[in-house]
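sequence unknown, structure follows:
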Ligand code: A2P
């Protein structure tokens, strides 16, 4: 990989450029927390912000963007469709609601947050296809610069491919040492789908691991920096998050070292560390939506 700075980009299958590290906002509360942390990230040089309708913080993310003084067109903004709004019409409506929340008239990337799955919905293929057809329309209408999915495994991608006119440009999945999903990432790459990593630090759970600490120490880096660099070297776009400005800054200082082949093999082989427990087939998102 030859990224040298935060604004260097992956190129999506439709030619759109996406800055190589994004600032994640999952679990960041709407209000001051989201506004100030997004503003800080942009001031510290990030140009890629990742949110979702379900995070409940789109409004403050939008405020943070405006407060930063960085021009909208210089920012790559992602949000995600929530499972409660599957199907063509509801998808169009919830997308418009997200635009309003964010205070913008387009998004750079819109993702299907979770696939509908067989265990919960016998018509899962149809549900995913009709949601996706709204994505395709909004994309063709110029309201979204790139469209993709999140938490899709190979069977969900295969089923979508059978019915889609346009293949997803991105799949955002859980990815960190201890849960790297390398086979899924490889499948996506072969299909021209850029892979993004949610929880690249295992939501903080991998940061105290002794093996990771020993490897990071060799490079004079923190475990967080090692994890972020690991994603990049696997051709995966990391979306780390922190509320603390000094960590937001240090998480971007990953362009001055290279992980050796041997250490990459060790990182790839770690398993069972920091896994969130969220499997698409268990439909965690549908369970959350049902409990709302
Ligand atoms: P905090 O906001 O207090 O910094 P992930 O991006 O994998 O979801 O992980 C996010 C978690 O990791 C948050 O709890 C965040 O806490 C913590 N975190 C982020 N960056 C660092 C860092 N450089 N060092 C230690 N903890 C970090």
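Good, I have the coordinates. Since the structure is predicted, the reported quantities are computational estimates derived from the model, not experimental observations.

which residues touch residue 247?
residue 224 (CB atoms under 8 Å, 6 or more residues apart in numbering). In this view, the C-beta of every residue, glycine as well, is placed from N, C-alpha and C.

The same query, at a cut-off of 10 Å, please.
Neighbour list for residue 247: 201, 222, 224, 240, 241 [criterion: CB atoms under 10 Å, 6 or more residues apart in numbering].

Tally up the residues packed near the last one, please.
When you say that, I think you mean residue 241. Neighbour count for residue 241, taken as other CB atoms under 10 Å: 23.

nearest residue to it other than its sequence neighbours?
Of all residues not flanking residue 241 in the chain, residue 24 sits nearest, at 3.6 Å (CB to CB, 6 or more residues apart in numbering).

re the thing from before, show me the two of the contacts of residue 247 that sit farthest apart.
222 and 241 (15.1 Å; CB to CB).

Same list (the contacts of residue 247) but as JSON lines, adding secondary structure and pLDDT.
What follows is the contacts of residue 247, written out as JSON lines (DSSP: H, G, I helix; E, B strand; the rest coil; pLDDT from 0 to 100):
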{"residue": "201", "secondary structure": "coil", "pLDDT": "98"}
{"residue": "222", "secondary structure": "coil", "pLDDT": "98"}
{"residue": "224", "secondary structure": "helix", "pLDDT": "98"}
{"residue": "240", "secondary structure": "coil", "pLDDT": "98"}
{"residue": "241", "secondary structure": "coil", "pLDDT": "96"}
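
so where's the longest helix in this structure?
helix 124-140 (DSSP state H).

Pull out the buried residues from that one.
Of the residues in helix 124-140, 124-125, 127-135, 138-139 count as buried by neighbour count, 16 or more other CB atoms under 10 Å.

Dump those residues to a markdown table, plus pLDDT.
Output for those, formatted as a markdown table (pLDDT from 0 to 100):
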| residue | pLDDT |
| --- | --- |
| 124 | 97 |
| 125 | 98 |
| 127 | 97 |
| 128 | 98 |
| 129 | 98 |
| 130 | 98 |
| 131 | 98 |
| 132 | 98 |
| 133 | 98 |
| 134 | 98 |
| 135 | 98 |
| 138 | 98 |
| 139 | 98 |
